[in-house]
Structure formats: C-alpha cells, structure tokens
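Participant: Here is my input; please provide its structure:
(2 chains)
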Number of protein chains: 2
Amino acid sequence: MTKEQALKKLEEYERVSFALGHASGVLSYDGNTVAPKQSAKVRAVTQGELSRMSYELTTAPETEEMILALKEYKNELDPVTARKADELYRDFDRTRRIPKDLFVEYQMLCVESDAVWHEAKLKDDFASFEPYLQKIFDTSKKIALCVEPGKDPYNTQLDMFERGLTTDTCDKFFATLKAGIVPLLQKVIASPYQVDEPLFKNTFPIPVQREFSTFIMGVMGLDPERSVIGETEHPFTTDFSKYDVRITTHYHEDDPLSSMYSVIHEGGHALYELNTGDELAMSILGSGVSMGIHESQSRFFENIIGRSREFCGVILPWLTEHFKDQLSGLTRERLYRAVNASRPSLIRTEADELTYCLHIMVRYELERMMFSGAVNARDLPGEWKRLYKEYLGIDVPSDRQGVLQDSHWSFGAIGYFPSYAIGSAYGAQYLEEMNKSFDVFGSVAAGDLSKVSGWLREHIWKHGSMYDPSDLFKRVCGAFRPEVYVEYLNKKFGEIYRL
Amino acid sequence: MTKEQALKKLEEYERVSFALGHASGVLSYDGNTVAPKQSAKVRAVTQGELSRMSYELTTAPETEEMILALKEYKNELDPVTARKADELYRDFDRTRRIPKDLFVEYQMLCVESDAVWHEAKLKDDFASFEPYLQKIFDTSKKIALCVEPGKDPYNTQLDMFERGLTTDTCDKFFATLKAGIVPLLQKVIASPYQVDEPLFKNTFPIPVQREFSTFIMGVMGLDPERSVIGETEHPFTTDFSKYDVRITTHYHEDDPLSSMYSVIHEGGHALYELNTGDELAMSILGSGVSMGIHESQSRFFENIIGRSREFCGVILPWLTEHFKDQLSGLTRERLYRAVNASRPSLIRTEADELTYCLHIMVRYELERMMFSGAVNARDLPGEWKRLYKEYLGIDVPSDRQGVLQDSHWSFGAIGYFPSYAIGSAYGAQYLEEMNKSFDVFGSVAAGDLSKVSGWLREHIWKHGSMYDPSDLFKRVCGAFRPEVYVEYLNKKFGEIYRL
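Facilitator: Numbers count the residues shown, from 1 in each chain, chains lettered A, B, ... in the order given. I've put the predicted structure just below:
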C-alpha cells in the first residue's frame, strides 16, 4: 500500500468510525433522556450491531494493512497523522484480543444494565440490579484479561480511563489525600464557625431553574449553537463532535444550587470538547484524551472556579433578582460559606470539595474488592455502608442513597471513579500555573471567564487526544504533586472555618 | 445456499437492516427535537455513512444470493417469509439501479436541506432554501428515472409512498373530490348558520396543554411505556419498532385545539405502529405498509373520530375543568361547531376537514409542474400564491404561511402529499364498514375508543407490511369509492350548516 493509499484509507476509516460512534452516542443520549421505557431492549439490539460493526472495522485485515503502511512511512507523516497511526495500532492490537461475540455481548449487556439500574434506583430495589451488576463486573474483568493477559485486570481498567494509571499510583495518591483531608475535616467539624443556616430550604420553581441554567451556560461561554442541555436522573456530558455537545442536569425544587453545580461541572466537560482544535474535529483524535483530564476540567470549573468567593459574586445578582422571595438578604459572603459548607454526606455528586474524594475512595476500594473476588455484587450494599461509616462516619439509610446512586457501573465504567479524584488534584496545579500568567480570581470577579478558558484552551483543550494524559499534564504543570491539592484545601477551608 | 442457510442469513440481514434504520431514525428524531443548530452538518456525514451501509447491505452479492435461494424454496416458506423474499427482491432490484454515490449524496442532501428549511421557515426566508429545494427535486427525479427508466418519474415518486398509485388515479380522485367539495364549500360559506364566535382566542398555558396531550394520549390508548411525545416546529410521528414510537406536537398559546388535533393525528400514526403483530416486530415487515394507509389512520382519528360530536363530549369535561377561566360556559354543541368551522385558510395542518383536500391538490399540482420542468424552485412561492387563490380563494401573505409551511419537500418526501387525501377518503369507507359491526359513535360517546382500535388492529394494524396497500384496503373495504367520502362530507357539513 502506498502512502497515498494509506492516507485515503485513513480518511474513510475515520469517517466510518465517526459515524458509528455518533450513531451509538445519540442512541445512548436519547435513551437516557426521552426514549420510552420499553425501548431499552430494542436499543440493545441496535447498539450490539453498531458495536459489532465497530469491532469489525477496528480489527479488519484492511485496517491492519493501512496501519502497517502508515507506520512504514512514519517519518514522512505530520505529527497528527503519526499520532493517529500509533493510536490506531493500539486500538487494533487490543481489540483483536477480545473475541467478537464477547465484545458485542458486553456492549448489549451495558445498555440493558443501564436501563435496569435506572428502574432499580427509582424503586430503591438493589435486588433487581444485582445480577446485572455481577455480570458487568465479571465480563469486564474477563475482557481486561483478554486485552492484557499478564496484568492485574483492575490496572487494565484504570488504564482505560486514564492511560498509565495504576493501583500503585492510586494507593499513594489516596494515602496523601487521606492524610491531608481526614485531619482537616475533623478540625472543620469541630470549628465553632459553622455555616449559620441552611440557605436553600425553600421552593425554587423548575422553569426558573431552567433559565438559571441558560444564564450559567452563558457565563461559562458554552456556544448555544453547538451545545444543549437535557434533563436526566444522573447528570452527564456526551459529545458527538465539537459541533454537538450535550450536557444534562437534574433539578431539585428545594435547592437551585444542586443543579447549578451539575451544570458547571458538565459545562467544564463540554468546554473541553467544544474547543478541540478544528484540524482534529471528527477525527479519531477529536475528543478529550482521558477521563482524568476530563474530570480535571469539570472539577476545576465546579469547585476552584464555581465555589470561589468571586464566582459567588458573579451569580448573586441573578439569584437575588429571580428568587426575590426565597433569597432576599443573601450576601456574597453567606452564599460563599453556604456553597462551601463541609460535612460528611451521602451523595457523591452533591458532596463539598473537601469530603468529595472520600466518596471516591469508597468506590475505588469496592471495585478492587470486586475484581479480586473478595466480595460479590450481593455484598456491595453492605460493604458500601461499612465503608461510608469508616470513611465519612455516616449511616447510609437506603441503597438509593448508597450503592445505587451512581450510574457508572451500570454502563460498564469500572475504574472510572479514581479519575474524579486525580482530576480534582490536577486542578490545583492548573490554578498554580494559571496564576503565574494572570490574576485568576481577579478575572473571575469581573464576571469574565474568558481568560481562564483561553488558558485551558491553549494548554489543554485544543490538543484533543494528541498527547497521552500524563505527557499532556507534564507539559502544562510538570510533575504531578498531590500535595498542591492538599495545600489548596487547607488554605481554603482553613480560612472559611478560621482554623 | 440451503434453505436453512438462507433463513439464517435472512435473520442476520434483518438485524443489521433494523439497526441501521433505528440508528438513522433516532439521529433524525434527535435532530428535529433537541440537537443544537450546528449539529446538522455532522449529522449529514453520519446519515450519509449509514445510508451507504444500508445501500451496501441491500445490494450485496450475498443478499442477492440469499433472496434467490429464498425464492427457490418459496413453496416451502410460510407466508411471512415468502412476503419478505418478495419485498427484499423488489428493494434489491430497485436500489441496485441507483448509483451508490447518488444514493448517499441524496440522503446527505435531505439532512442538510431539512435544517436549512427549518431556519428559512423561522425567518420567512425562501431565498435561502430555494437552491436546496431545486436540488432535492432534481435529484429525486434523477433517482426516480434510475429506478424506473421507462416510467413517468412522478409516478415512481407516488408509488414510493403509496404503492400502485399513479397520476391517472390521482387525477380522477381529485376530480371527484373537487366536484363534490367546491360546491359544498360555497354553500357552507353562504350559509347563515356560521359558527358564532372564535372560541379559542385566549391564553392557554403550555404546561397545561402538555397535560392535555397526556390526557388525549390516554384516551386514545397509546401505551406510555412504548411511546412518548416531543415538541417540534412541524408535528410528525416516527417509529423505531413497536416498542418505541415517537410523536411530536407544536403548542400555540392561543389555541389548545391546534396541538390537540396534532396529537390525535400523530396518535393515529402511532397506534398503527404500536399494534403491529408481535411476529413482525423489528422485521422488514414490521412497519405500516404505506403512507396512504398510514394517513388513513391518522386522518380517521383526527377527523372522523376527533371532530365528531361524541368525541367533543368526551373531552369537554377536561377542557372546562382545566381551562375554567378561558372556557366557562362551553357546551358540547358549541365545541363541536367550533372544531368544524369550515373556511378557506392558509395552513394545511390546521385546515378543517372540508377544505383540507384543496390544500393537497395545490401541492400535487406544484409537484407535477416541478417534475415536468414547467416551473423551477424559484417560481414556487408565486405559483403557491396563484393556486391558493384559485383553489381556496385566499391571498397568501408570506412564504412562512405559504410554500415554506410544510417540512415534506425539505427531507425529500415528494409525492407524499396525495397520501393525505387518499387516506382521508379511505377513512370514510372504514367508518362504513365499522358501523356494520358496531355502533361506532355510540362507543366513542362512552369515552371508549377500544372498539374502534380493536377493529383497526384486527383489520389493518396487526398486518404491518404483509399486504400491498391496495390489496389490504380491498380486503377490508372492497373497491375504493371516493364518493363515499364526498357523501360523508355532505352529510356532516350539511347538518352543521343546515344546508
């Protein structure tokens, strides 16, 4: 195959690969937002067929031939095409080790399980979900062992969401966090300077909250011609290209900030995707590189920006104008303290910045125990309760508020959770770097997030999947130093709680 | 190929064919309901790829081999499989005559044009849509000439939506309608017994109208686990299988009945799809057989049932309870007269039962002129106005209320419109037949549509695409007699306007 033939083939490959991903993504988004209940089994059939096509495309002899040709001409390729050749080979080489039937069966299982989880959560009925959950864990372990036979399969899972991440790194990272967070949290709890009252125990009509979402998306600079918001049980972001990014939220009538922080979090994911470089759009490098880097964007916006005193000042006028009756007399300072009230709680997505990573550690431990065979799915509700008591000191009253709260396992995302904690810690180092170029919170105080976005676009977003996540992070911030995050938390919560 | 091999191959074929149709359908539904604006070009790429896959599946040598094998064993096949073999051969034989690139390019053009039409309608800007419209007409004519080289290409178009329908049949049919409707309409207009006042000139909050849709869908017996409603500029129905049917509506704050009749109309389409026989579900025979039969369901529910005195009695309590301030003092009789007020109007979907078919005739004439080359896209706004003056005696003030009002041409549905009129006329014969088995309006008056649905399910819905539309109609009603429809209209409007 000549270089020109290989490049032409690559173009075709990317077009088909894009179309299959796009179709599958929209089916999934539609399934999560508006599809009627009984559509799930039909969707599983279609997703199964699309994944079969995708498998066949990835592992086809013509694909191998194309990749080998590209690698042969590697020195003549531009950096983007060279990266594509490497990534395609990796994908080809790993995928072909999985038997096709197993690959397809697993995709179908994930679609069905997700629908079962949805119902189970609504009804607080873990028993109906348990067999699916067990099968998801069993099958993903089986697949991990196909892909990397000589490796701890949980490491293979971690690598899937943050390339290069291992349990060794996680163990050290979580130990550092735990050593920093636990004593800090104890001091916070013991502090006499508690947040004075629950601010948001009123009724906030959902139509007004929807307008609030539009306002927030505007402040963040999400292009309304390329992004929209939907409503789901569990908020998420999905992108079909930089021209079509979807975020979702969940409204709670008694608390407009719950949805707001979902919108900001998902908005951070969306900004990453909306700002991929044009030359990468719709190509196999056209999405964010990893979930660790992705969560570092969403968590950065949600917490470091969104829970800053300056950002509270930006949203305060909107809140007091549109929720006159409910929020009269609210000040920036009271808002700031309210959104940073730190206390052990049940729900990860609503946890404050300080306790958040403890929720992640619980999930990390449970995933490892499931993969080692130490526990089975039926043990998870009990183990969940035990670990919440141990890490957060609280009792979990129901599975709906416990093991059923997150959607991740139901769609096969095992090994994903650590990305949230890693991403949170990355964010503190972004802040450190960013502050060398400009006054971050000064620009936020002026209601202008474009400097923050400009920095992230230049250093991270525009690169899509051009660099491995660890390399990308190193280019931007040097070595990963979790202690920067611990310092950040100490400083912030030390000030709020006058420690 | 043995019979068993062919049957196994057929199963695979149907699965892939189903998946491609499902994915493409959801992309299109999503595009029409929630997708952001700039997604259109991306969607065109994906729809193009899916249509290429579909083309390749339909025309593959293995597909031909399978079909020929099935035909060889035809005498040993059950009737469903035998019908499948015939339909597959027809599809194979017609599709292979279209060059693949032309086929794919046309699908992509339709996706793009639909998005352009949407914007053009909102902005009342025909000029931006004109080049797309011309290309849609040109390309569909070109394709029609590939499929049936020796035939009038407009007949090929008609056949696509109602197999066997020709301009000869349409000409005679429309002549009969015109001869019946025009003098009747003149008498109606001259009658002193006009509808006394415009009932619905008030404000009807859209959230309440949404509840009304749910109520109407309940009355019609649409299974909420298998069907949902969305909101679009132009109401439509789409089905992905009998387990997932979508209808849409458009709410107008000043008139709750506009949306109600959309819901009833689309609900009729949905009932047809929801009630396909289980043994046909997700197969190539698993959808309604033609647009003529489809519109005969929707128009039957919308008008013959939905605009009956008895149905008005069923919905009256809901309306007066939920719109107390707006509709106090409304009686069944006033409601009945209001929903049957007949007067020439601008918008097809909101036209009364009597003038409706005149709107169709305008479109039929324009399509034929476009196909014969007598006019070009740029002439259409003017021709539209000329024909509305001629057929309905009214002036069209804008393209938004004129040539841009319908979505059909924008997505390539040329030759579709006559199905609405044919379907309306079919309905009068259903009523005639149904009344031989039970008292149709007696059952409606009791708020019970299950007898009507039961009859339609048994005679039409459950058969999916098992029979050609003309054969299906003949099995149910004997020969097609448009005069039955004219009689029905004379009787109904004669009574209302005391002619």
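Participant: and A:Tyr488, what is it in contact with?
Facilitator: Under the criterion of C-beta atoms under 8 Å, 6 or more residues apart in numbering or on different chains, the contact list for A:Tyr488 reads A:304, A:428, A:431. Any C-beta I mention is one placed from the backbone N, CA and C, and that applies to glycine too.
Participant: Tell me the one of the residues you listed nearest chain B?
Facilitator: Sorting those by distance to chain B puts A:Ile304 at the head of the list, at 27.4 Å, by C-beta to the nearest C-beta.
Participant: number of nearby residues for that closest one?
Facilitator: 23 (other C-beta atoms under 10 Å in any protein chain shown).
Participant: That one is in contact with A:Gln429, isn't it?
Facilitator: No - counting by C-beta atoms under 8 Å, A:Ile304 stays clear of A:Gln429, with 10.7 Å between them.
Participant: what's near enough to touch the residue lying closest to A:Ala338 once chain neighbours are set aside?
Facilitator: Nearest residue to A:Ala338, sequence neighbours excluded (C-beta to C-beta, 6 or more residues apart in numbering or on different chains): A:Leu199, at 4.5 Å. Under the criterion of C-beta under 8 Å, 6+ apart, the contact partners of A:Leu199 comprise A:327, A:330, A:334-335, A:338.
Participant: Name the SS class of A:Leu199, please.
Facilitator: Here A:Leu199 is coil, with the state taken from DSSP: H, G, I helix; E, B strand; the rest coil.
Participant: Could you do the one 3 residues further on as well?
Facilitator: Per three-state DSSP, the local secondary structure of A:Asn202 is coil.
Participant: Not counting its neighbours along the chain, what's nearest it?
Facilitator: Spatial nearest neighbour of A:Asn202, chain neighbours left out: A:Gln326 (4.1 Å); criterion: C-beta to C-beta, 6+ apart.
Participant: on that earlier part again, check what pLDDT the residue nearest to A:Ala338 gets.
Facilitator: The score at A:Leu199 is 73. That number is its pLDDT.
Participant: Of the contacts of A:Leu199, which belong to strands?
Facilitator: The members of the contacts of A:Leu199 all map outside strands under DSSP state E.
Participant: Compare the residues you listed and tell me which has the most neighbours.
Facilitator: The most crowded member of these is A:Leu335, carrying 21 neighbours; neighbours defined as other C-beta under 10 Å.
Participant: these two touch, right, that one and A:Trp318?
Facilitator: No - between A:Leu335 and A:Trp318 there is no contact, the gap being 11.4 Å when judged by C-beta under 8 Å.
Participant: can you list the residues of the stretch 51-200 of chain A near chain B?
Facilitator: Taking C-beta under 8 Å from any C-beta of the partner chain as the measure of proximity, the stretch 51-200 of chain A contacts chain B at A:Met53.
Participant: what are the ranges of the strands in chain A?
Facilitator: So, for chain A - with DSSP E - the strands run A:227-231, A:237-241, A:244-249.
Participant: highest average neighbour count across these?
Facilitator: Stretch with highest mean neighbour count among those: strand A:244-249 (a mean of 26; mean count of other C-beta atoms under 10 Å in any protein chain shown).
Participant: does any bit of it sit next to chain B?
Facilitator: Yes - legend: contact between strand A:244-249 and chain B by C-beta under 8 Å from any C-beta is shown at A:244-246.
Participant: what would these look like in TSV with pLDDT?
Facilitator: Listed next are the residues of strand A:244-249 next to chain B as TSV, based on pLDDT from 0 to 100:
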residue	pLDDT
A:Asp244	97
A:Val245	98
A:Arg246	98
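Participant: and which of those residues is nearest chain B?
Facilitator: A:Asp244 (3.8 Å).
Participant: ok, the residue lying closest to the closest one once chain neighbours are set aside - contacts?
Facilitator: With sequence-adjacent residues excluded and distances taken as C-beta to C-beta, 6+ apart, A:Asp244 is closest to B:Ser39, at 3.8 Å. Taking C-beta under 8 Å, 6+ apart as the criterion, B:Ser39 is in contact with A:226, A:240-241, A:243-244, B:31.
Participant: and these as a markdown table, adding distance to B:Leu57?
Facilitator: Converted to a markdown table, those look like this (distance: C-beta to C-beta, whole Å):
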| residue | distance to B:Leu57 |
| --- | --- |
| A:Arg226 | 32 |
| A:Phe240 | 23 |
| A:Ser241 | 25 |
| A:Tyr243 | 28 |
| A:Asp244 | 26 |
| B:Gly31 | 23 |
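Participant: from those residues, which is closest to A:Phe473?
Facilitator: Distance to A:Phe473, by C-beta to C-beta, is smallest for A:Ser241 among those, at 24.7 Å.
Participant: just to revisit the earlier point, so the residue nearest to A:Asp244 versus B:Ser407, what's the distance?
Facilitator: Relative to B:Ser407, B:Ser39 is positioned 17 Å away (criterion: C-beta to C-beta, to the nearest Å).
Participant: Could you do A:Glu112 as well?
Facilitator: With distances taken as C-beta to C-beta, A:Glu112 is found 35 Å from B:Ser407.
Participant: Also A:Lys37?
Facilitator: Taken as C-beta to C-beta, the spacing of A:Lys37 relative to B:Ser407 amounts to 28 Å.
Participant: of the two, who's got more company?
Facilitator: Summary of the neighbour comparison: A:Lys37 and B:Ser407, criterion other C-beta under 10 Å, with B:Ser407 having more neighbours (19 against 15).
Participant: residue contacts, the nearest residue to the more buried one once chain neighbours are set aside?
Facilitator: With C-beta to C-beta, 6+ apart as the criterion, B:Ser407 has its nearest non-adjacent residue at 4.4 Å, and that residue is B:His234. Contacts of B:His234 were listed using C-beta under 8 Å, 6+ apart, and they are B:250, B:349, B:406-407.
Participant: Same check on A:Leu102?
Facilitator: Under the criterion of C-beta under 8 Å, 6+ apart, the neighbours of A:Leu102 are A:139, A:142-143, A:146.
Participant: how far does stretch A:396-416 stretch from start to finish?
Facilitator: According to C-alpha to C-alpha, to the nearest Å, stretch A:396-416 extends 23 Å from its N-terminal end residue to its C-terminal end residue.
Participant: which parts of it are buried?
Facilitator: With burial defined by 16 or more other C-beta atoms under 10 Å in any protein chain shown, the residues of stretch A:396-416 counted as buried are A:396, A:399-416.
Participant: show me what contacts A:Glu295?
Facilitator: Remark: with contacts taken as C-beta under 8 Å, 6+ apart, A:Glu295 is in contact with A:419-420, A:422-424.
Participant: Now the residue nearest to the spatial centre of chain A. Nearest residue, chain neighbours left out?
Facilitator: Chain A has A:Glu295 as the residue nearest its centroid, 4.6 Å off, counting by C-alpha atoms, centre = their mean. Nearest in space to A:Glu295, with sequence neighbours left out and distances taken as C-beta to C-beta, 6+ apart, is A:Gly423 at 3.0 Å.
Participant: I'd say A:Ser51 and A:Ser24 touch.
Facilitator: Yes - A:Ser51 is in contact with A:Ser24 according to C-beta under 8 Å; the separation is 7.2 Å.
Participant: just to revisit the earlier point, any chance of CSV for the contacts of A:Leu199, columns pLDDT?
Facilitator: Conversion of these to CSV gives the following (pLDDT from 0 to 100):
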residue, pLDDT
A:Leu327, 91
A:Leu330, 93
A:Arg334, 93
A:Leu335, 95
A:Ala338, 93
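Participant: If we only consider the residues you listed, which is nearest to A:Phe129?
Facilitator: Taking C-beta to C-beta as the measure, A:Ala338 is the one of the contacts of A:Leu199 closest to A:Phe129, at 34.5 Å.
Participant: follow-up on the earlier one: from the contacts of B:His234, which two are the most distant?
Facilitator: The two members of these with the most space between them (C-beta to C-beta) are B:His250 and B:Asp406, at 12.8 Å.
Participant: Filter the contacts of A:Tyr488 down to the ones in helices?
Facilitator: When DSSP state H defines the helices, the subset of the contacts of A:Tyr488 inside them is A:428, A:431.
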